[in-house]
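Engineer: Sequence and predicted model, in that order:
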Amino acid sequence: MGDRERRWGCDLKISRLGSPRGRWAVSAKNRDFEFRDQIQSAALTVINNIDEGFERRTEKDFEHFFDQAKGSSGEVRSMLYLAEDRHYAAPQLASDLRARYAMHTTSIGAPASRLGNP
């Protein structure tokens, strides 16, 4: 854990939430590649923005990239509602994943809150 991670008390486990592997199951019959690509891209953007935020030199950049990660997490939750509506994901799976992303969104927002911005 680096200085910034220690300083802000960030749990780096939150960066693992973005991984679509093992967390997103689409019916084998689903051929909606655009939808699949979009939700995977949003999920990967969560981790990439967290990692990029930790690499930045200023607190303003750090906050910016965490804010971007938080937005991408919201996009994943939105896509999960759509997945449920389109019957790409079982209601329970979609609900469980939305709950997980909501919990992680709170964790992602914590470092920015410590900087004085909700």
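Structural biologist: Good, I have the coordinates. The structure displayed is predicted, hence computed values, not measured ones.
Engineer: low pLDDT regions in the protein?
Structural biologist: 1-30, 110-118 (pLDDT under 70).
Engineer: Can you list the helices and strands that the longest helix seen in it packs against?
Structural biologist: Assignment by DSSP state H gives helix 59-85 as the longest helix of the chain. Secondary-structure packing of helix 59-85 (3 or more CB pairs under 8 Å, 6 or more residues apart in numbering; DSSP states H and E): helix 33-55, helix 91-114. From N, CA and C alone the C-beta is placed, and that goes for glycine too.
Engineer: repeat that with 10 Å
Structural biologist: On a contact count with 3 or more CB pairs under 10 Å, 6 or more residues apart in numbering; DSSP states H and E, helix 59-85 meets helix 3-8, helix 33-55, helix 91-114.
Engineer: can you put those in CSV and add mean neighbour count and distance to residue 77?
Structural biologist: Shown next, in CSV, are those (neighbours: other CB atoms under 10 Å; distance: least, CB to CB, whole Å):
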stretch, mean neighbour count, distance to residue 77
helix 3-8, 12, 24
helix 33-55, 18, 9
helix 91-114, 17, 5
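Engineer: Export the ones you listed to TSV and append columns for distance to residue 85.
Structural biologist: Formatted as TSV, those follow (distance: least, CB to CB, whole Å):
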stretch	distance to residue 85
helix 3-8	37
helix 33-55	11
helix 91-114	9
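Engineer: so which of these comes closest to residue 62?
Structural biologist: Closest approach to residue 62 among the helices and strands packed on helix 59-85 is made by helix 33-55 (4.8 Å; CB to CB).
Engineer: would you put the C-alpha positions of the closest one in PDB?
Structural biologist: Listed next in PDB are the C-alpha coordinates belonging to helix 33-55 (Å, rounded to 0.1, in the frame of the first residue of the first chain):
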ATOM      1  CA  PHE A  33     -22.300  -7.600 -28.300                       C
ATOM      2  CA  GLU A  34     -22.700  -3.800 -28.100                       C
ATOM      3  CA  PHE A  35     -24.400  -4.200 -24.700                       C
ATOM      4  CA  ARG A  36     -21.800  -6.600 -23.500                       C
ATOM      5  CA  ASP A  37     -19.000  -4.400 -24.600                       C
ATOM      6  CA  GLN A  38     -20.500  -1.300 -23.000                       C
ATOM      7  CA  ILE A  39     -21.000  -2.900 -19.500                       C
ATOM      8  CA  GLN A  40     -17.500  -4.400 -19.600                       C
ATOM      9  CA  SER A  41     -16.000  -1.100 -20.700                       C
ATOM     10  CA  ALA A  42     -17.800   0.700 -17.800                       C
ATOM     11  CA  ALA A  43     -16.700  -1.900 -15.300                       C
ATOM     12  CA  LEU A  44     -13.100  -1.700 -16.500                       C
ATOM     13  CA  THR A  45     -13.200   2.100 -16.400                       C
ATOM     14  CA  VAL A  46     -13.900   1.900 -12.700                       C
ATOM     15  CA  ILE A  47     -10.700   0.100 -12.000                       C
ATOM     16  CA  ASN A  48      -8.600   2.100 -14.500                       C
ATOM     17  CA  ASN A  49      -9.700   5.400 -13.100                       C
ATOM     18  CA  ILE A  50      -9.000   4.400  -9.500                       C
ATOM     19  CA  ASP A  51      -5.500   3.200 -10.500                       C
ATOM     20  CA  GLU A  52      -4.900   6.300 -12.600                       C
ATOM     21  CA  GLY A  53      -6.000   8.500  -9.600                       C
ATOM     22  CA  PHE A  54      -3.400   6.900  -7.400                       C
ATOM     23  CA  GLU A  55      -0.700   7.600 -10.000                       C
END
